[in-house]
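> I'd like to go over a predicted model; first the sequence, then the structure.
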Amino acid sequence: MKFSIKLVLSTMIVLALALGFSGFYFVNYVFETSLDREVGQALDESSILSFAFETAALNVPLKYSVLPDSVVEEIASKLEMGGQGGGRLLRIADEEKNILYTSGGFTADEGVLAQTDEHTKSYRVIRGQDSYYVHTCVSINALNRILYLETMKDVTGVFTERAMGFSLYRKVTVVILLTGTVIMLFIASFLTKPIRLLTKATRKMAEGDYTYRARQISRDELGQLTGDFNRMANALEENINALEEEIEAREEFMGAFAHELKTPLTAIIGYADMLRSHKMDEEKSIMSANYIYTEGKRLEAMSFRLLDIIVAKQEEAQLQETPVGELFAYLQEMFAEKKDADIRFIHEEAVVRMEANLIKTVLVNLIDNACKASEPVRMPAAGEEDIAADEAAASGGKAGVVEVTGQTVDDGYRIAVRDYGIGIPEAEQGKIVKAFYMVDKSRARSKNGAGLGLALCAEILKIHHSQLQIESKVGEGSCFSFVLAP
Ligand code: ADP
């Protein structure tokens, strides 16, 4: 059963019970009050009648010392006639409670008479065939006799009113319940709308549409639930997107890896085959062996880099306070022998939290790349000096210079490696940190590159909660930088 229907039904049950009880209580209260009034009137009337009887008995001729039965009947019949609408219902009994006079239609039994004595008044509400009466009994003290006067007052009207009250109340209750049901259906439908919207969103997500969100239409608990659901959906969508990206990256990686393996392996197998199947002169044999050696070395370097990346991915950051001076001293010493590039180190002294060995690996890679990018593509041929001059001008006269700088910035310590080399086209800048990506494959391979250096740098910086920033312009050079948190 739908929640809204349950809501309507439960409300209607409570409403029906409330209306039923209140209606019953109200109609009954009016009935009891009216009946009490009728009983009071009946008792007053019987008192007046007994007084009238006693007064009439005073006029009995003096010869009687005790009121004779014939006079009792005479007075009774007169009293009977004096009633409204031509007749009263009354009955007279003597001191022994023997009936002396009974009006026609007086049908009550003698129960009330039996329980009355000369000092008490009694009454009872009794039911006739189609009507109700108040049956009263009082004693009369008339001319040395104690008599009992019983009356019957018709109170059917009070009972009829009660029946009408109940019937009217039943009708009103039915009308209220019907209109209430219609109104409650609208209210329940409005109240449960957020639930319906949430259900729709859940179903959509179960069908694979992770972008669908439930509309938030209220600020109550259900509205909050919708908000929480949407936040959960956002997190889920982000995780799924990240997973999809990771799967895609893995597939790309596998493809590139297979390709990078194939190239050197084809060369190695080809030259090895040549060596074993042809008799070649010494020069060619040395050249072939040389190819096999360089390609083998490249494979070896690639496998080491891959291992480094795998280790970096699994590494837990063990950051330690390290004076930046130590790092720069190490790099300066390492590249001191590199004569083909002019590497300049400038840094501000600071103590930074890092895993020094890993950051050294990052900087060695970046400086290596900067040096490679700064090497001239080719020597200018005769008559092309002006082109070389143009390139030198574009670099502001710094061609071949690599600057490694370290400075304190707002959000930590920034280390940058700048070169004035070939630069990287804008479209490639986002891709070069991917494993095996090389802008110019033949140039990179000729310098023993496999497109893994920057991927390794990115992984190492990730465990330092940092990332590589790349600024570059073709022909003007590049700047690779990262910030280490204080
Ligand atoms: P590789 O082993 O080929 O150097 P990297 O991951 O270090 O691999 O670099 C990926 C590619 O990014 C390089 O092949 C090169 O094309 C480009 N690259 C990296 N650094 C620079 C730089 N400073 N200037 C120009 N190109 C660069």
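In hand now; what should we look at? Residues are numbered from 1 along each chain as shown.

> Glu248: neighbouring residues, count only.
By other C-beta atoms under 10 Å, the residues close to Glu248 number 10. In this view, the C-beta of every residue, glycine as well, is placed from N, C-alpha and C.

> Stretch 403-412 near the ligand at all?
No: using C-beta under 6 Å from any ligand atom, stretch 403-412 stays clear of the ligand, coming no nearer than 11.9 Å.

> ok, and what's touching that stretch?
324, 327-328, 331, 343-348, 350, 352, 363, 367, 413-419, 483-486 (C-beta atoms under 8 Å, 6 or more residues apart in numbering).

> mind saving the C-alpha coords of it as CSV?
Output of stretch 403-412 as CSV, limited to C-alpha atoms (Å, rounded to 0.1, in the frame of the first residue of the first chain):
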residue,chain,number,x,y,z
GLU,A,403,67.5,28.2,-13.5
VAL,A,404,66.7,26.2,-10.4
THR,A,405,65.1,28.5,-7.8
GLY,A,406,63.6,28.0,-4.4
GLN,A,407,61.6,30.7,-2.6
THR,A,408,59.1,31.0,0.3
VAL,A,409,55.6,31.8,-0.9
ASP,A,410,52.2,32.3,0.8
ASP,A,411,51.2,28.6,0.8
GLY,A,412,54.6,27.0,1.4
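
> Okay, helices next: where are they in the stretch 101-250 of the chain?
Assigned helices in the stretch 101-250 of the chain, in chain order: 111-114, 156-191, 193-206, 221-277 (criterion: DSSP state H, counting those that start in this stretch).

> which one is Phe482 nearest to, not counting chain neighbours?
Closest residue to Phe482 in three dimensions, ignoring its sequence neighbours and counting by C-beta to C-beta, 6 or more residues apart in numbering: Ser466, at 4.8 Å.

> Am I right that the one you found sits in a strand?
No: using DSSP: H, G, I helix; E, B strand; the rest coil, the assignment for Ser466 is coil, not a strand.

> Please list all residues in contact with it.
Phe482, Val483, Leu484, Ala485.

> pretty sure the last one is touching His465, no?
Yes: with contacts defined as C-beta atoms under 8 Å, Ala485 counts as touching His465 at a distance of 6.1 Å.

> quick one: Asn230 and Glu237, what's the gap?
Note on Asn230: its distance to Glu237, by C-beta to C-beta, to the nearest Å, is 10 Å.

> Same question for Asp228.
Distance of Asp228 to Glu237, computed by C-beta to C-beta: 15 Å.

> of the two, who's got more company?
Set Asp228 next to Glu237 and count neighbours by other C-beta under 10 Å: Glu237 wins out with 15 against 10.

> Hmm, Ile460 and Val362 touching each other?
Yes: between Val362 and Ile460 there is a contact under C-beta under 8 Å: 5.2 Å.

> Nearest to the ligand within the stretch 301-450 of the chain, name that residue for me.
As assessed by C-beta to the nearest ligand atom, the ligand sits closest to Gly449 within the stretch 301-450 of the chain, at 2.5 Å.

> Now that residue. Nearest residue, chain neighbours left out?
Spatial nearest neighbour of Gly449, excluding adjacent residues (C-beta to C-beta, 6+ apart): Met438 at 6.1 Å.

> Please list all residues in contact with the one you found.
Ile432, Ala444, Arg445, Gly449, Ala450, Gly451.

> Write out the residues of the protein neighbouring the ligand.
Contact residues, the chain versus the ligand (C-beta under 6 Å from any ligand atom): 365, 369-370, 373, 419, 421-422, 424, 432, 437-440, 444, 449-455, 478.

> Could you tell me which of those count as buried?
Buried members of these, counted by 16 or more other C-beta atoms under 10 Å: 365, 369-370, 373, 419, 421-422, 424, 432, 437-439, 444, 449-455, 478.

> Restricted to helices, list those residues.
Taking DSSP state H as the definition of helices, these contribute Asn365, Asn369, Ala370, Ala373, Ala444, Gly453, Leu454, Ala455.

> export those residues to CSV and tack on pLDDT?
Listed next are those as CSV, based on pLDDT from 0 to 100:
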residue, pLDDT
Asn365, 91
Asn369, 93
Ala370, 94
Ala373, 91
Ala444, 76
Gly453, 88
Leu454, 92
Ala455, 88
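
> from these, which is closest to Gly82?
Ala455 (123.5 Å; C-beta to C-beta).

> Name the nearest residue to the closest one, sequence neighbours excluded.
In space, Ala455 is closest to Ala435, 4.1 Å off (C-beta to C-beta, 6+ apart).

> what secondary structure does that neighbour sit in?
Counting by three-state DSSP, the backbone at Ala435 sits in coil.

> Next, it: phi, psi?
Note on Ala435: its backbone torsions stand at phi -60, psi 140 [degrees, to the nearest 10].

> wait, doesn't it sit right on Glu251?
No: the criterion here is C-beta under 8 Å, and Ala435 misses it with Glu251 at 12.0 Å.

> Now do stretch 182-201: distance to the chain's middle.
15 Å (C-alpha atoms, centre = their mean, to the nearest Å).

> What residues sit buried inside that stretch?
Buried residues in stretch 182-201, counting neighbours by 16+ other C-beta under 10 Å, are found at Met184, Ala188, Leu191, Thr192, Pro194, Ile195, Leu197, Leu198, Ala201.

> The helix or strand encompassing Ser46 relative to helix 156-191, how many degrees between them?
Assigning secondary structure by DSSP states H and E places Ser46 in helix 3-58. Orientation check (axes from the mean of the first three to the mean of the last three C-alpha atoms, to 10 degrees): helix 3-58 against helix 156-191 gives 170 degrees.

> going forward, begin numbering at 9 instead of 1
Shifting the count to begin at 9 puts that one at helix 11-66.

> For helix 11-66, which helices and strands make contact with it?
helix 77-89, strand 130-135, strand 140-150, strand 153-162, helix 164-199 (3 or more C-beta pairs under 8 Å, 6 or more residues apart in numbering; DSSP states H and E).

> And these, which one averages the lowest pLDDT?
Sorting the helices and strands packed on helix 11-66 by mean pLDDT places helix 77-89 lowest, at a mean of 90.

> Tell me which other helices or strands that one touches.
Applying 3+ C-beta pairs under 8 Å, 6+ apart, we find helix 77-89 packed against helix 11-66, strand 98-101, strand 107-110.

> out of these, deepest packed?
Among the helices and strands packed on helix 77-89, strand 98-101 has the highest mean neighbour count (mean count of other C-beta atoms under 10 Å), at a mean of 22.

> any idea of the mean pLDDT in that strand?
94.

> Show me what that strand pairs with in its sheet, parallel or antiparallel.
strand 107-110 (antiparallel), strand 153-162 (antiparallel) (DSSP bridges).

> Compute the inter-axis angle for the longest one and helix 77-89.
The reference is to strand 153-162. Between strand 153-162 and helix 77-89, the angle comes out at 20 degrees (the same axes, to 10 degrees).

> can I get the CA coordinates of strand 153-162 in PDB?
Extracted C-alpha coordinates of strand 153-162, given in PDB (Å, rounded to 0.1, in the frame of the first residue of the first chain):
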ATOM      1  CA  ARG A 153     -56.200   8.400  54.700                       C
ATOM      2  CA  ILE A 154     -52.800   7.900  53.100                       C
ATOM      3  CA  LEU A 155     -53.200   7.400  49.400                       C
ATOM      4  CA  TYR A 156     -50.700   7.000  46.600                       C
ATOM      5  CA  LEU A 157     -50.900   9.000  43.400                       C
ATOM      6  CA  GLU A 158     -49.100   7.700  40.300                       C
ATOM      7  CA  THR A 159     -48.700   9.700  37.100                       C
ATOM      8  CA  MET A 160     -47.300   8.900  33.600                       C
ATOM      9  CA  LYS A 161     -45.700  11.700  31.600                       C
ATOM     10  CA  ASP A 162     -45.000  11.100  28.000                       C
END
